[in-house]
Structure formats: structure tokens, C-alpha cells
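Colleague: sequence isn't available, so here's the structure alone:
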């Protein structure tokens, strides 16, 4: 079976995370730009004196891998993305029931 | 029960995928721009001579449908998005434990 | 909000009274005009006086290629200000309204260019002698003399098209007040009426040989005619239209500050044509206007940042851009009458005034969305009054001395012009608002506003996957 | 699609025949030229005639600082049009091709600037007497007289560099036809050949002392030379290259309309240099060109919006921008020959024609991606013919009267120039296409096209996370 690993990271950690993932067999990844905040608050911005409660820019790196690889991938991301400061992000792991490679129609773990 | 179908596709396949989905009851879809790579590598870019390892632009089309519809939707996406070349993308299917329509508060399959 | 709602209600109830007040002001002004008749053409000011200090009947001057070159270049520069304004405003709105906001400026170029050559120029600068209008003798630019007495060294077409660019940008400035909530049809009809019944008369009164010019009011490049007229009309419209849906509850940060800075930069660039071009000649006065314009603008941008540092702890790029625009606005009436020291003061003070006005607006809760009143109304008023303070006859022999040079009377003349322009602009805007609202409609429906004007009014989006 | 595919096949098969036809047209034109020889230099028109109606041998005019200031300012304005075009086009393509599209205009400034000073200006404006070229006497701008007879009151370099800007933007206009699918190498080689063998000869024929100028063809600022030459070449290229991958199946909306409007605004601004600068002097004629340019553009933008309202129910910003560009194109040959009324008609009608042409293109299914033919080809043709309708000798004594002033013969001269320009441009483009396609290659591979030209041709992306 497979799991989806979604890592919310600092934009500055992207290169390190991608480099780290190469070392564990280079799974397919997608990266999306998002804005967000964790338990800490966002940041207050000001436009012509008017306050706006802002969110911080983050990236979500998503990879789907076989169950056996989950721990390795998570460890790599944690290691690559950690600075030790508040705002390093989080990783969520969730079940994936199937995967299909569009080009070939292959299914399951072969497809990831 | 319901499943979330996430299809990572080429941007050029969007119109065909959306047209194809109309034929199967027009489920709600969201489309997000992402960048990514599959098993194949990304592409090397160069800015004033400095190399940057780039990712390719992709779209993620997400739809949540009832279990019985999953196969039909996946087949349609595969058919619509396939060119036969590397880079056609992947589809991930994962379980969804509940769905709620915000306007009415309806829950479960009625809400998707 | 409470204050504002009351004010708005008052505004709506008192429309007739206000309009009446406006018109009675007009009527009394007409009386003054007749009293003032003897001085007519003696010391008419602004672009005209500046350009033509030595004009008198009987000695026609030759066309100067240099002056013509500069005035045509200036007209092109001023044209670019309106797209500059489009981007300045469009970057400040939400993504769903970006194109509609650009359109409000861009289509104004088309709309008023045509209005101006058909009837606008005739109404504003035609030879007629009525109080508000120059008459219809120059419809379709027929019967135009070879040169205008207001710019005797260039072909008349050069002066006419230079003035066209002013007529274009003025109603476009108002867009900042009704951003993100006006219907496109209402916008087009209102703008056309406003150009005809507000801009053209005020241009006539101040520049086109009308009452305030004769009175000796100083407005080199449009502090009253352009910035106050649009600024006070913007205030009236903001009150009449009410706030945007979600104002004060939703975040409405500028969706693209790079566009704002691009627009501000084009404005600064084009404004050299606006101000230095208003000399209508490539002479020392044009150079003075160029230098005072640049200096006041720079000073105002610095000062806005300084005020922000004191008030919020950080200087912002939006603040620098806003300060630059405020400085440009304030120096506009003064640039051809004041010296360098005057321009430094005018620029430094305007940012304090405009920044404060915007904080007051936030407190009061009315929604002058992109601060047309806060910047152009307040900045234009300050500039017009400041001209009465710092003006020097030694800079412009066709002008007058101000308070600091021992002529407090000039300040009173400026005050009178300021008062009239504010009252007239507000009164007419209220009348036009109700006419357009009852016919084609001004504000979009709530659902259209929620969807965004780009999709609801134009059926397109600014950015696509 | 059936029609288009057939047309394309026909086109490819008939290349040799077409090229032959083009050249035989040339040959017969050469015969006319000799017959027409007696009238040479009598009524040469366009920028030249406009600028120098009184030029005759023996009476050198002094250099005018005013005229020089205006021509230099105009050259700078026209330079900015090419980046304007870059943004206008780049906003309309998909995100993956934004930089490649900007590059096609931007690098053209570099490429043709060098071509022009080395051999382009000599070929187009040199003193040689061959039918197609002005010869090689002025290679590297050697042996240039102090002034050009076409602009006798400014230093020759001012006229030369002003003309360089025209030579730059013309091949850049074609980019709209092959957007999103041309290889960068093919683009560079094709553009260089096209500038040399299409632009330079046509400029020579119409402006540089060649046959059509002698015939009395009126083209003030480049309706045939710039817009028809690029527009018809664009049509040929669109047919030869075939549609973009996925055309008609994928959505291909403009990826960033703010860029399109920025580009259109810079084009409008810069076009004042293009048209009013073509008077080569800061005089009344320049002012007339400035006013007719602005008026036709404004009218065309309004009319495009009106047509959209009727046809689709909503006016769009892309439509307003497209209408403005169509108006600028159409008034280009006419601006120094027609009056205000003529400019209103020319602007109003061009939008109807171009809008219709684009609807027809969509029906036929060929892929003139950004409508270079639909706007520049159709609009340029209309402008050239309209000049023959509305021209007035009272506006430009170096020009001629048109049909409405009782001179239908002018329309026939315009028609002849239009026909020649279209046939020559198409024929030569077909020949150059095959030469370049067989050597360096024109179209990118399917995979490169799918990936986008930014990554495949340049290894960079416009926007980054």
C-alpha cells in the first residue's frame, strides 16, 4: 500500500528537501505555493496605515510513496527542512488507496 | 463512501479532462497550479550563468466522488490526459471520511 | 461606521438642498464675475499666463519649433499618465477587479479624446462669454484660430491636444473612489457627464478666460482644475455609493504591489509633461516647473516614509509611491510660481496632511477605496493654498506674489477658488450621481460585486492558469 | 479545419509558382517604373513629402534645434513601442511562452539596430537607383550627406535613427503570427532575412525614392511599409507553420491581461513619435498627425467595445486594447493627410473590419495566434485605402486629394501600392520560410512546444515560486 506525504515547509527549504529526496530514490513530487500560519500567528501588514492580518508564504511538497518508504522520506524531509526556529512547518501522512500512471495505465505501487 | 481523486496532469490536458468529466455527471472539481517532476528529472535553468534546478509546471485536478464512480472518473482522466509521452502525470485515489456542503450542511455522498 | 452611515443618510436626504446650494454659489459667483469684469485678461493665470506673459493684441508671435516640440512631447507624456494611473490603481484592488480597474482609466482615454474634439474643448476654451462655458463655436474643432492666445508660439492643435490629456486623466482620477463596485455602463455615462458638466466648466473658469482666471487665481498645471475637482467629486461619490461589500471585515490588501509601483513610476515620468509642459514653451519657466516638480515629489515620498516610520515603525513601498503621487499633486498648481525652497516645503507638508487624512478616513469608515480624496482632494487643496503662500513674481512675471512675499491677498483669491471648486464639484457630482443611478444604474448588484467586476462587467479575467 | 488544411497544402505545393508570380509582378512593376520615370521626385509622398514639401536642389535649409529635438524625442518614443509590443503579445500567450515572446520583440531591437546601421539604411534609403534597393553606398553609414533630403532641417543621423526604429518594430509585429511555436534560431535568421529582403525594399519603394513614392502613393508613417508588409507576411507564415499544438482543443486564454494593457498603453504613447514624428519637424503638420492619431485610436477603441457589446453583450479590456491598436494601425498612413473628420471615420470603421476578420479567422481555423494579420494586415490595408478616400491637399500641400475631395485617381494609386505590397510580402515570406526551414529550421519539435519555449528555447521561466 501507499501513503501520501504532504510537507508544509519554508520556501527557503525547497532545494534542500528536493536534494534530500534524490537520495531516497527520487520519488515524484509536486510543489505548490500556499500561504498559512501554524500555532504561531501570521504577521501584521500595513497599507497606507491600514492593518491587514497577513499569512506567511509556505510551500507544500507532496509525494506519494510505498508504505515501506514513508519513514525514510519523512526523516529526510525533517532533516532537510529543519532550522530549529518556529515556522519550520509540518508533515502530514495519509493513506492512498490507489495510484495510476496516466501514460501506461499501470496501477498501485508500480505507478508511484 | 467517497474517494478523493487527485490527477496531476499537463497544463495542456486541462480542457480535455474537464470536457471528459462533463460526460460523467460533472463532479465538482478544483484545479491548482503546481510545479513538479515525476521519475524523470526536472529541467536545468540558467540565470546569468547560474544553474537552477527547475521543476515543470503541472496542474492538479481534484474531485471527490462516491466510491462507485471512482473507476469511471479515473478512466476518463486517463483517456483525456494521455499523450503516451513521459510526463503525462499520475492519478492518486485516497479515502475521504466525510464531506459537508457548506451552504446546506448536508453530509456524506449527498454533499459531493 | 455610525458616523459615516449618518453622514451618508444626511447626504442622500440633503441632495436637493446641496445642489441648490451649489447652484446658488454659482449664481453669486456670476455676480462677482460681472463686478470683476474690468480686470479680465489683465492677469489671467495658470498655463495661460505662464505661457504668454507678453501676449497682447496686435503682435502675433511666430510659431516656434522648439516650443512645439516640447508641447507635443509633453502631450505624449501626459497621455501616459492615464495608463500609469490605471496600473497604480489596479495593483491596489483585489485580483478579481484588476482589469475593470485598468479599463476605467484606459477607456477614459478613448472616451474623453472623442468628447474633447467634438465638444469638450469648445466648452472649456471656446470664445463664448457665458459664466460656465466657452460656448459651442469650436464644435468638431471647426473655426479654430491658427494659434490659441494661451499658447501663442505653437500651432493651436498642439495646445488643444495637450489640454485633451488633462481632460482625460481628471475623471480617471475619480476611479479610486468607486473602485471595485461601479457598473461599467454607469461608469461610462457618469464620466461623460462629469467631464462635460464639471471638468469643462472648471477648466473654463480657471484657464479658459473665465471668472477665476480673471480674478488672478494661480493654478499653473491643474491643482484646482484637475486634482480638487476630481478629489471632491470622489469624496461625494464614496459617500453616496457606500462601502464595498465586506469593507472593514474582509482583508483587502493590494493584490499586486509591483503594478502599483510601475504605475507610480509612469505617473512621475509623465508628470514632467503635465507640469513643465504647462509652460507651453521650452523656456526657463518650464525648467523651473520641472525642477520644483521633481523636488516636491522626492520630498513628499521621503516624508511619507518618515511619517510611516513614526506611526507604524516601518516604511512601505506603497507609502513611498503614495507620497510621490501626493507630492506631484501638491506641486501641480505651484510648480510655475514657486521656487525651490517653496517646493521643498510643499512636498514635505503634503505627505503629513494626506497621511493624516487617510487615517481619519479609516476611523470614519467611509470607503474612498484608493484614496482619491485623501491624496488628490487634500493634496490639491494644499497645493492651491500653498501656491498663495510661496508664489513669487520673480519666478513668473505673469503670476503674483504670495503671502511670504508680502501679498496675503493672493491667499484669499486662492481660498475663494478652492472653495468654489470644492462646492461646485460636490454639488454637481451629487446631481449627476442621482441622474445616472436612476437611469442606467451606478453600483453593481451584490452578487456581481462578490464575483468581481472583471467577470461580471467584462467577462474576462486578468490572470489565467 | 478542412478548408485551412487544404489551403495550407495548396500553399506548400504552390510555393515555386507563388514566388515566381511575386517576382514576375516585380518585373512588370520595374517596367512601369521606367515608364513613370519622368514624374520621379515630383510628388513623392509620405514622411518625406510631408516633411519637405519645399525641398528642391540648391536651397539648403538650416538645421532646426526644435525639429531635431522633436525627431530625437520621437525616435525614443518609437523605440519604446517595441517593448510595448513585447508586453502586448506576451500577455496574450500562455505562461510557458511569456519570456520567449518578449524576447522575440526585445532582441529584435538589438538585431535590427545593428543590421540597420551596417546595411539596412543603405539598402532602404541609399542613393542607388535599382528598383528594389537603394544600394550599398552607405554601408556602415559611410558617405552619409549631412542631411537627408527627406528631412532637411535635422542632422542626417536623427532621420536615420528615427527610421531605424521603424525597421525594428516591423519584423517584431510578425511575431504575433508564429507565437508559441517558432525556434529561436529560426526566428533570428528569418527576421534578419525578412528585414533585408522585404522591409528594406518596400521602404525604398515607398519612402526611399523608389517607384511607389514617385507614383504619388500616400503613406505618411507606414501603413503599407510597416503594417501591410508585416501583416501579409504574418498571414503567409501562419498558413505555412500550421496551428499550434492543441489549437482549437485546448484553452489558450491570455495568461496575463495586465501585461497586454501595459503593452497597448506603451504602444499608444510611442505611436505619437511614430506618426507625428514622421513629419520630421515640429510644425503644424506634426500637430495634425498627433491629433488625428489620437482621435482615430480613441474612436477605434470605443467602436471595438461597441461591436463587442452588440456581438457578445459585454465590452472587454482586451477588446479596448485591440481596438486602440487597430486604430493606431489604420491612421498611420493617413495621419498627415486627413483631417479630424477623416480620422473619426477611419477609426470607427477599422474596428468593425478587424473584429470581423478575426471572427472569420476563427471560423477558417488557421492560427494567426495573436492576430497580426487580423489587426495589422487588415487595418493597414484599410488605412492605406482610406488615405485615398479622405486625403486633403489642404492638410498637406505635399500630399494629394482623395476620393471625397474629387480625386478618385488617388484611390487607384493606393490600391496599386496595397496590391504590390501584399503580393511581394507574401511571395518573399514563402521563399524565406523554405530557405530557413530547410537550413536552421523554423518550428520547434512537438515536445519543445509542449514544454514551452521559455524552457526549451531559453532555459528559463518567467515566473518562479
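Modeller: It's in. Since the model is a prediction, treat every value here as computed from it, not as a measurement.
Colleague: up against chain D, what does chain A have?
Modeller: Within chain A, the positions lying close to chain D (CB under 8 Å from any CB of the partner chain) are A:11, A:14, A:31, A:33, A:59. To be clear about C-beta, it is placed using only N, CA and C from the backbone, and glycine gets the same treatment.
Colleague: look up how far residue B:94 lies from the last one.
Modeller: Just to be clear, that refers to residue A:59. In this view, residue A:59 and residue B:94 are 21 Å apart by CB to CB, to the nearest Å.
Colleague: more neighbours, those two?
Modeller: residue A:59 (22 against 19; other CB atoms under 10 Å in any protein chain shown).
Colleague: do any residues in the strand or helix carrying residue C:361 lie close to chain A?
Modeller: Per DSSP states H and E: residue C:361 is located in helix C:340-364. Yes - interface with chain A: helix C:340-364 contributes C:355, C:358, C:359, C:362 (CB under 8 Å from any CB).
Colleague: most surrounded residue in those?
Modeller: residue C:355 (26 neighbours).
Colleague: got the contact list for the closest residue to it other than its chain neighbours?
Modeller: Spatial nearest neighbour of residue C:355, excluding adjacent residues (CB to CB, 6 or more residues apart in numbering or on different chains): residue C:307 at 4.9 Å. Residues in contact with residue C:307 (CB atoms under 8 Å, 6 or more residues apart in numbering or on different chains) are C:319, C:351, C:352, C:355.
Colleague: mind checking which helix or strand residue C:307 is in?
Modeller: Going by DSSP H and E, residue C:307 is in helix C:284-312.
Colleague: show the subsequent helix or strand relative to that helix.
Modeller: helix C:317-331.
Colleague: buried ones in that next one?
Modeller: For helix C:317-331, the neighbour count (16 or more other CB atoms under 10 Å in any protein chain shown) marks C:318-331 as buried.
Colleague: re earlier: between the residues of chain A next to chain D, which sits nearest chain D?
Modeller: Taking CB to the nearest CB as the measure, residue A:33 is the one of those closest to chain D, at 5.3 Å.
Colleague: isn't there a strand covering the closest one?
Modeller: Yes - under DSSP: H, G, I helix; E, B strand; the rest coil, residue A:33 falls within a strand.
Colleague: count the neighbours of it for me.
Modeller: 15.
Colleague: also the one 4 residues further on?
Modeller: By the other CB under 10 Å criterion, the neighbourhood of residue A:37 contains 14 residues.
Colleague: quick check: it vs chain C, distance?
Modeller: Separation of residue A:37 from chain C (CB to the nearest CB, to the nearest Å): 13 Å.
Colleague: now that residue: phi and psi?
Modeller: When read as degrees, to the nearest 10, the backbone of residue A:37 gives phi -150, psi 160.
Colleague: quick check, whichever strand or helix holds residue C:192 touching chain D?
Modeller: Assigned by DSSP H and E, residue C:192 belongs to helix C:184-194. Yes - judged by CB under 8 Å from any CB, helix C:184-194 comes into contact with chain D at residue C:184.
Colleague: contact residues of chain A facing chain B?
Modeller: Going by CB under 8 Å from any CB, the residues of chain A near chain B are A:2, A:4, A:15, A:18, A:26, A:28-32, A:64, A:94-103, A:105, A:111-112.
Colleague: can I have the buried ones of these as a PyMOL selection?
Modeller: Written as a PyMOL command, the selection of buried residues from these, which uses 16+ other CB under 10 Å, is:
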select buried, chain A and resi 2+4+18+28+29+30+31+32+64+96+98+99+100+101+102+103+111+112
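Colleague: residues in contact with the nearest residue to residue C:128 once chain neighbours are set aside?
Modeller: Excluding its sequence neighbours, the residue lying closest to residue C:128 (CB to CB, 6+ apart) is residue C:135, at 2.2 Å. Residues in contact with residue C:135 (CB under 8 Å, 6+ apart) are C:122, C:123, C:126, C:127, C:128, C:129.
Colleague: of those residues, buried ones?
Modeller: For the contacts of residue C:135, a burial check counting by 16+ other CB under 10 Å picks out C:122, C:123, C:126, C:128.
Colleague: for the third one, what are its contacts?
Modeller: The reference is to residue C:126. C:133, C:134, C:135, C:136, C:137, C:138, C:208.
Colleague: tell me how far the residue nearest to residue C:128 lies from chain D.
Modeller: For residue C:135 relative to chain D (CB to the nearest CB), the value is 19 Å.
Colleague: and that residue, helix, strand or coil?
Modeller: Applying three-state DSSP: residue C:135 is coil.
Colleague: what angle do the lowest-mean-pLDDT helix or strand in chain A and helix C:284-312 make?
Modeller: Least confident helix or strand, chain A: strand A:50-54 with a mean of 84, by mean pLDDT, DSSP states H and E. Angle, strand A:50-54 to helix C:284-312, by axes from the mean of the first three to the mean of the last three CA atoms, to 10 degrees: 60 degrees.
Colleague: what about the closest residue to chain B within chain A, is that helix, strand or coil?
Modeller: Using CB to the nearest CB, the single residue of chain A nearest to chain B is residue A:30, 3.6 Å away. Here residue A:30 is strand, with the state taken from three-state DSSP.
Colleague: can you tell me the closest non-neighbouring residue to it?
Modeller: Closest to residue A:30 by CB to CB, 6+ apart is residue B:36, at 3.6 Å.
Colleague: so what strands line up beside whichever strand or helix holds the one you found?
Modeller: Residue B:36 is part of strand B:29-37 when elements are defined by DSSP H and E. In the sheet, strand B:29-37 lines up against strand A:29-36 (antiparallel), strand B:56-66 (antiparallel) (DSSP bridges).
Colleague: can you put those in a markdown table and add mean pLDDT and distance to residue D:436?
Modeller: What follows is these, written out as a markdown table (pLDDT from 0 to 100; distance: least, CB to CB, whole Å):
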| stretch | mean pLDDT | distance to residue D:436 |
| --- | --- | --- |
| strand A:29-36 | 93 | 39 |
| strand B:56-66 | 94 | 29 |
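Colleague: helix/strand/coil for the closest residue to chain B within chain C?
Modeller: Residue of chain C nearest chain B, by CB to the nearest CB: residue C:465 (5.4 Å). Here residue C:465 is coil, with the state taken from three-state DSSP.
Colleague: what's near enough to touch it?
Modeller: B:11, B:14, B:31, B:33, B:59, D:95.
Colleague: apply 6 Å and report the result again.
Modeller: Going by CB atoms under 6 Å, 6 or more residues apart in numbering or on different chains, residue C:465 touches residue B:33.
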